[in-house]
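**Student:** what follows is a protein structure lacking sequence information:
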Ligand SMILES: NC(=O)C1=CN([C@@H]2O[C@H](COP(=O)(O)OP(=O)(O)OC[C@H]3O[C@@H](n4cnc5c(N)ncnc54)[C@H](O)[C@@H]3O)[C@@H](O)[C@H]2O)C=CC1
Ligand SMILES: O=C(CO)COP(=O)(O)O
């Protein structure tokens, strides 16, 4: 069965998904901020809306569309991050404005450039509505895009958001030439920080070790196709945040997510040392090498503690 799919946001990810599903025989329509006009017009006559805008675009878009969204029209959210103003994930923001629509999240190790080249990848469709997740799994899979389901959208989003912060830190580590031991240690301790946030937000521990958690962390923290990783290497070279962002020239979700996560951590009393050092470095309060030193000199702990 072919679906009529509308994609909101035609950046790297929205554009890749659009072309992928068009090739699978679905009928695609799209809207991008660049087009201008009213995005509500593309909600008509479709079976699914896929949202692939950056996190900064989610809240304004949700506000703009809340009165026009048909209550039975499913929404698939693909944005990865934590909103700096509300400290919410994308699906939490959509739920505020569209409390009743069928909602699912797509997240996993999905570097757009690799999918665009037809390389194999897997991802997770997550929804509390198991029927919706299975329906989308069946409809949206492709020969080189294998889809799994889970029932943990918040855990899936928390993992997808936080891995960008740790991937950014991995870029710093590689940019400084700190070696394989440092990188592996950073990723393990980073995973422990992701676990703190994921569990505190009500996610399932198993999601941490799935495609949206460990899977996406490994892909993003080890690939120069990742904007977050590349951004980290630029910080290691001594670029400030604005210069590094300008050099990347596309969305780098890890910067705002690091700040939002730290704000949550301060409010909730979580210990997130790597995230904290990333924010200090972004603010120009430490150099990359000082941040590493501060992490190495923290009080000694049991491994289970963050
Ligand atoms: N590129 C990738 O490999 C993947 C990206 N993602 C996620 O998808 C989201 C979008 O990323 P990309 O497409 O890669 O970024 P991009 O920088 O290529 O495109 C960003 C898109 O968001 C739109 N946008 C930004 N602010 C907006 C606003 N205020 N209102 C409406 N639209 C706005 C832009 O017009 C553009 O369409 C991010 O949350 C990213 O983490 C998820 C999986 C893979
Ligand atoms: O989320 C992604 C891959 O799964 C894309 O990562 P970047 O945003 O760092 O390019």
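**Tutor:** Arrived safely, thanks for sending. Computed from a predicted structure; not experimentally measured. Numbers count the residues shown, from 1 in each chain. Ligands and ions are numbered 1, 2, ... in the order given.
**Student:** can you show me the helices along the stretch 51-200 of the chain?
**Tutor:** 55-65, 90-97, 112-116, 130-140, 153-175, 179-200 (DSSP state H, counting those that start in this stretch).
**Student:** let me know which of those is tucked in deepest.
**Tutor:** helix 153-175 (a mean of 28; mean count of other CB atoms under 10 Å). C-betas here are computed from N, CA, C, even on glycine.
**Student:** tilt between it and helix 55-65?
**Tutor:** 150 degrees (axes from the mean of the first three to the mean of the last three CA atoms, to 10 degrees).
**Student:** any chance of the helices of the stretch 51-200 of the chain in CSV, plus mean pLDDT and distance to residue 27?
**Tutor:** As requested, the helices of the stretch 51-200 of the chain are exported to CSV (pLDDT from 0 to 100; distance: least, CB to CB, whole Å):
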stretch, mean pLDDT, distance to residue 27
helix 55-65, 98, 21
helix 90-97, 98, 23
helix 112-116, 98, 20
helix 130-140, 98, 12
helix 153-175, 98, 26
helix 179-200, 98, 36
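**Student:** quick one: those helices as JSON lines, columns for distance to residue 11 too.
**Tutor:** Formatted as JSON lines, the helices of the stretch 51-200 of the chain follow (distance: least, CB to CB, whole Å):
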{"stretch": "helix 55-65", "distance to residue 11": "10"}
{"stretch": "helix 90-97", "distance to residue 11": "14"}
{"stretch": "helix 112-116", "distance to residue 11": "9"}
{"stretch": "helix 130-140", "distance to residue 11": "19"}
{"stretch": "helix 153-175", "distance to residue 11": "15"}
{"stretch": "helix 179-200", "distance to residue 11": "24"}
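**Student:** and the stretch 201-306 of the chain, which residues reach ligand 1?
**Tutor:** 250, 251, 253 (CB under 6 Å from any ligand atom).
**Student:** returning to what we had before: ok, which of the helices of the stretch 51-200 of the chain comes nearest ligand 2?
**Tutor:** Of all the helices of the stretch 51-200 of the chain, it is helix 153-175 that lies closest to ligand 2, at 5.8 Å by CB to the nearest ligand atom.
**Student:** the closest one and ligand 1, any residue contact?
**Tutor:** No: residues of helix 153-175 contacting ligand 1 under CB under 6 Å from any ligand atom: none, with a closest distance of 6.7 Å.
**Student:** swap in stretch 50-66?
**Tutor:** Yes: for a cut-off given as CB under 6 Å from any ligand atom, stretch 50-66 has contacts with ligand 1, namely 52, 53, 54, 55, 56, 57, 60, 61.
**Student:** what sits against the residue in the stretch 101-250 of the chain that ligand 1 sits nearest to?
**Tutor:** Nearest residue of the stretch 101-250 of the chain to ligand 1 (CB to the nearest ligand atom) works out as residue 112 at 3.4 Å. Residue 112 sits next to 12, 13, 15, 16 when contact means CB atoms under 8 Å, 6 or more residues apart in numbering.
**Student:** of the residues you listed - the most surrounded one?
**Tutor:** Counting neighbours by other CB atoms under 10 Å, residue 13 leads the contacts of residue 112 with 23 neighbours.
**Student:** sec struct for that residue, please.
**Tutor:** Of the three states, residue 13 takes helix under DSSP: H, G, I helix; E, B strand; the rest coil.
**Student:** return the residues in contact with it.
**Tutor:** 52, 78, 110, 112.
**Student:** separation between it and ligand 2?
**Tutor:** 7 Å (CB to the nearest ligand atom, to the nearest Å).
**Student:** follow-up on the earlier one: I'd like the residues of the stretch 201-306 of the chain next to ligand 1 written out as a markdown table, with secondary structure and neighbour count added.
**Tutor:** Formatted as a markdown table, these follow (DSSP: H, G, I helix; E, B strand; the rest coil; neighbours: other CB atoms under 10 Å):
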| residue | secondary structure | neighbour count |
| --- | --- | --- |
| 250 | coil | 11 |
| 251 | coil | 24 |
| 253 | helix | 24 |
